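1. My questions are about this predicted structure, shown below with the sequence.
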Amino acid sequence: MLALGLALALGGVVQAQSITGGLYGKEPTGKGVTVEVSNPATGYRKQIQPDDDGRYSLGGLNPGKYVVTVSEGGQAVGTRTVTVNPNVQSPVPAISAAATAAASANATNLSGVTVSATSHDTEVLPIDVSTPEVSNIYSMNTVNQLPTGRSLESIARLKSNVRYDDQTTGLVQMGGASPAENRYYFNEFDTTYDYNGLGATSLPSEALSSVQVLSSNGSVGWTNATGGIMSATIRQGSNDFQAGYSLYFTPPTSRLLNPRRHDSFASDGSYYEFDSANTHGANVTGLPPGYQGPAPGTPSGQAATSGQYLWASGAIVKDKLFFFAMLGNSPNNQFTTYSQNFQSLTTDRDKNALLNLTWNITNNQSLNIAGYKDWNNSFSNQYKLDTDYDPSSVGDYFGWNQTKVKNQFLIGNYHWQINEDMSLRLMGGYLSQSSLSPTSDSGTGLPYVTEVDPVTNISRNIGVTSTPNQLFPFQYYRRGFKGDFSWNLGDHKITIGAEHYKHYINNTITTTDGGEWTYYDRPGSILPNGSPAPANGSYVDQFYERTGGAFSTVNKAAYIDDYWQVAERWVIYLGARFDTFINKNVDGQNFLRMPITSPRLGLAWDVHGDSSTKLGVNLGKYALAIPSSVNNGAAGAVYEWHRYYTYTGMDPVTMAPTGLTQIGPQSTLINGQAPTYYNVATSNIKAPYQYELQVYLQQQLAGAWSGEAEVGFSSLKRIIDDTCYDQGITDYANAHGFPNYVDVSGCPIFNPGIAQVFTRDYNGDGKLEQLTIPGNVFGPAPKRKYGHLTLELTHQRTSDEPYFLDVSYTWAHLYGNDDGLLNLGTRTGTGPGEQIYWDFPGLMEYGSGDLAGDIRHSLNINGVYYFRSGLRVGSTLDMHTGEPLSCLGTYPDINNPAELYGAASHYCNGVPAPLGSAGRLPLFWQWNLGVGYDWAINADNHLSLDLQVQNITNRQGKIDANQIYDTGSLPTNGVWALNPSYGAATWQVPRTTQLVLRYTFQ
């Protein structure tokens, strides 16, 4: 039980993601000393010999508790029980007689354990001084006892230096970066959802043993990221057979346990958000308390997690082959939601299965294979409301829609400790996701028919289907391979590695087989194809579109690093990583190929030489791959055309036109060919990157207390985005030798603020030429700077002091003119790398200031108190000052192309309104409380019950405000048409309650 308290907020070494860990130590002398490492749960046992300086280390260990026994002259003199975590080298305090005698004389205290000359069998957790890197490792056992969600994002939010983006994506910001710049790992496999870079294709939290979080400054072995890293490890079996059942039950909507959310209103009294009528039934679901449906920008079609699980683990072959197996299931969970004129009755169903096999081939080799499948089905029936916003006026049945999602994982890990100085690690992974979203209209092949009112110019649907497109499944897969070799050479530990990831999407959209038809009545008009409209003005427009397609993206890298024990108390880290990011168009041709080198440097100082005080420094360059939504948006083969007809009649059922006679030629808007590489991106485009600096101090305090202080700073140096400023390219070309050139390239991808090479046929003679255009033509250089100070105080649970407590405070400042790969300031959540900022220079005017994620003060207090009766109380408190707000209005000059975007510039009422200058949201705070009871029925049967309540005070504070000032048009007679929703509030999620039952047999 002591390990539960020790495992939360453990700082440790990060030497590239791994499902195995290791340990190291130093005895005063290596002569005549033998170190034996054993794990009774798996039968592991190995003897190693310290070197002449008394140092020893052992890697490739599967997670678990290991007994380290030191013998001198063939006689055991002491033991330590050390918890080995994935991806961490755990330090072992000296055990030999000479070491314990010296420690006793110095009265050194390690994690509440005073070292003496007698034999020990005690949990220890000293500071790891072997590396300058630092992270937080969270045991899922402890996370389960805290009243918070169990997703990787919820776990990361336990620290005050992680921001929850509840305005745009529902994901987390780390290190000041946007949520699209984080990376996610399961068993070393990078599962980041690289279609749009937001979130990950995830495994159920029930299958995880621990989660590691790096808010910044990872080693070169991690895939490059300008944000944070979250890494999870799947549970493994042992010789001890165990089985269990878990249930996550959410009571139905009620005033006491799960009250309804507040409505929000615009200034004219209309609804801005209509939530107060939404309800849910009693649900068995693994979703976190407070779940309100998928957040904007989260992974498309990602399945929900199940709410009940059966699991078992044990040995297939004792000491050799182990398994962990799990079945997850959720019965039909029901939700009722309302919009302005519809009621939706939704039923969600989920089931999944997982198997993890661990084969300890020898004491030096292990193979782990994990497989997983998940099936999720969400079905909704829709009914019309006879009166807007009136749930009592439910009328006729309107139709249904459904989403079917299947996720699959297969991950393999091989680790070989070749000898005491050499090791090899290999990883291969594959995941796929397929989704289909049929509706009552889709797949019928019926025509989609609308008509345009000749007076109001408003279009309305008059046909029998509301779906203009055919139904195609969305397909996504990702596969990756990684390997590295480590070699201890004297005072150096050198690692050489490489990785290769490829992800693929197929996202195709075409017009329905029956055609998309629009009726017009416009006498005397000229059609877009140049033909005159019929004399009576009646004609029909047939539109066809084919977009999307199949795309792939490749990210590959090689890296090398060296942990150099330069002196007794000093470790220097030197690393370099070479990445190549490749994005392909629909024809498989490269339109982005961006190589980049990222050096890293670190320093660790064991100040007193006893692991009680550590000073760490990290400095590095971090790059970022580009998600394939850019491929889909910028490099797809789009085919669009219009045909115009006279007609003699209308089908009485479908309302499609009959008796057609074509008017003039087809008007082809886009020819269906993939754009050439030089139109998609500039010819000298380079990968985004930033610099990061971290300085921290870790200190063991009296008893079971420890403290940490960290100062960090990051500066974004280069980004990619798109620009639609064709006029800027035209003007510059006209003034520099190409007077007749007119640019029609669309919205190419480029590096804002940097001189860019545009390859075009400037003379119209079929020959390509290059023209370098200064960066300031398209607007200012990008800037994002983030500085923070984090202070943390932690008390680990001991038998004498049965509580865990972690207090974390962060002061931070995030400012500039760009949020990063994803724009958070406008709350649009549009595709990463294709934001509106640099589309036109006018949109960047007055665009510098405090960024959307700028929280100056943040405080987190997390804790669990354990009573001897089995009762425990857990609590989390999250407090932070409010984020800045902006005022977004229409650019006040009709001759500037920025005016075309409506209320998207930093002008309000025609007056400059700099970024972040429209006030701040109020102080946010939320208190979550949980009560649990652990009951040992007998030696083999254990039961735990938890009642977890988030936002127990039911505080519904303001977490966002609408920033759109006007309706998107220039003033009439000097008067701006104001947006009545400007300033309208979004409210905090109300109190939510969940009952959790866990039963274990062993």
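-> Sure, I can see it.
2. Helices of this structure, start to end?
-> 2-6, 97-106, 140-143, 152-156, 629-634, 677-680, 726-735 (DSSP state H).
3. Can you list the buried residues in the fifth one?
-> In terms of neighbour count (16 or more other CB atoms under 10 Å), helix 629-634 has its buried residues at 629, 630, 631, 632, 633, 634. For every residue, glycine as well, the C-beta is placed using N, CA and C.
4. who's in contact with that helix?
-> Helix 629-634 has contacts (CB atoms under 8 Å, 6 or more residues apart in numbering) with 195-197, 505, 507, 548-549, 551-553, 583-586, 591-592, 675, 680-681, 722, 747-749, 831-834.
5. How far away from the center of its chain is it?
-> 19 Å (CA atoms, centre = their mean, to the nearest Å).
6. Could you pull up the mean pLDDT of it?
-> Averaging pLDDT along helix 629-634 yields 80.
7. now do stretch 275-290
-> Rounded mean pLDDT across stretch 275-290 is 78.
8. Among the helices of the chain, show the one with the smallest mean pLDDT.
-> helix 2-6 (a mean of 33).
9. hang on, the earlier thing: of all the buried residues of helix 629-634, which comes closest to residue 642?
-> residue 633 (22.4 Å; CB to CB).
10. what about the stretch 801-950 of the chain, any weak spots by pLDDT?
-> 829-830 (pLDDT under 70).
11. Please apply the same query to the chain.
-> 1-17, 29-30, 96-126, 286-305, 829-830.
12. and residue 153, how far is that from residue 710?
-> Distance of residue 153 to residue 710, given as CB to CB, to the nearest Å: 21 Å.
13. same question but for residue 649, I mixed them up
-> Distance from residue 649 to residue 710, by CB to CB: 75 Å.
14. Next: residue 915.
-> Counting by CB to CB - residue 915 and residue 710 are separated by 28 Å.
15. Kindly report the same for residue 616.
-> Residue 616 is 9 Å from residue 710, by CB to CB.
16. Please enumerate the shared neighbours of the two.
-> Joint contacts of residue 616 and residue 710 (CB under 8 Å, 6+ apart) are 134, 694, 695, 696, 697.
17. ok, and the most crowded of those residues?
-> residue 134 (25 neighbours; other CB atoms under 10 Å).
18. of residue 616 and residue 710, who's got more company?
-> Neighbours were counted for residue 616 and for residue 710 using other CB under 10 Å; residue 616 has more, 26 against 21.
19. Burial check on the nearest residue to that one once chain neighbours are set aside, number of neighbours?
-> Nearest residue to residue 616, sequence neighbours excluded (CB to CB, 6 or more residues apart in numbering): residue 132, at 4.4 Å. When neighbours are counted by other CB under 10 Å, residue 132 registers 28.
20. Show the backbone phi and psi for residue 132.
-> Backbone torsions for residue 132, taken as degrees, to the nearest 10, come to phi -80, psi -10.
21. For it, give me its contacts.
-> Residue 132 sits next to 571, 572, 573, 602, 603, 604, 616, 617, 618 when contact means CB under 8 Å, 6+ apart.
22. And stretch 396-408, what's buried?
-> 398, 399, 401, 402, 403, 404, 405, 406, 407.
23. Check what contacts that stretch and list those residues.
-> By CB under 8 Å, 6+ apart, stretch 396-408 touches 201, 301-303, 342, 372-384, 430-441, 466.
24. Count the residues that sit near residue 346.
-> Residue 346: 20 surrounding residues under other CB under 10 Å.
25. ok, it to residue 340 distance?
-> For residue 346 relative to residue 340 (CB to CB), the value is 17 Å.
26. Kindly report the same for residue 860.
-> 38 Å.
27. who's more crowded, those two?
-> residue 860 (21 against 10).
28. Tell me, how many residues neighbour residue 392?
-> Other residues close to residue 392 by other CB under 10 Å number 8.
29. With the one 3 residues further on instead?
-> A count of nearby residues for residue 395, using other CB under 10 Å, gives 12.
30. got it, and residue 649?
-> Neighbour count of residue 649, defined by other CB under 10 Å: 10.
31. what bridges to it?
-> residue 658 (DSSP bridges).
32. gap between it and residue 538?
-> In terms of CB to CB, residue 649 sits 12 Å off from residue 538.
33. Same question for residue 48.
-> 90 Å.
34. Could you do residue 269 as well?
-> 41 Å.
35. Tell me who's in contact with residue 836.
-> Neighbouring residues of residue 836 by CB under 8 Å, 6+ apart: 823, 826, 828, 830, 843, 901, 904.
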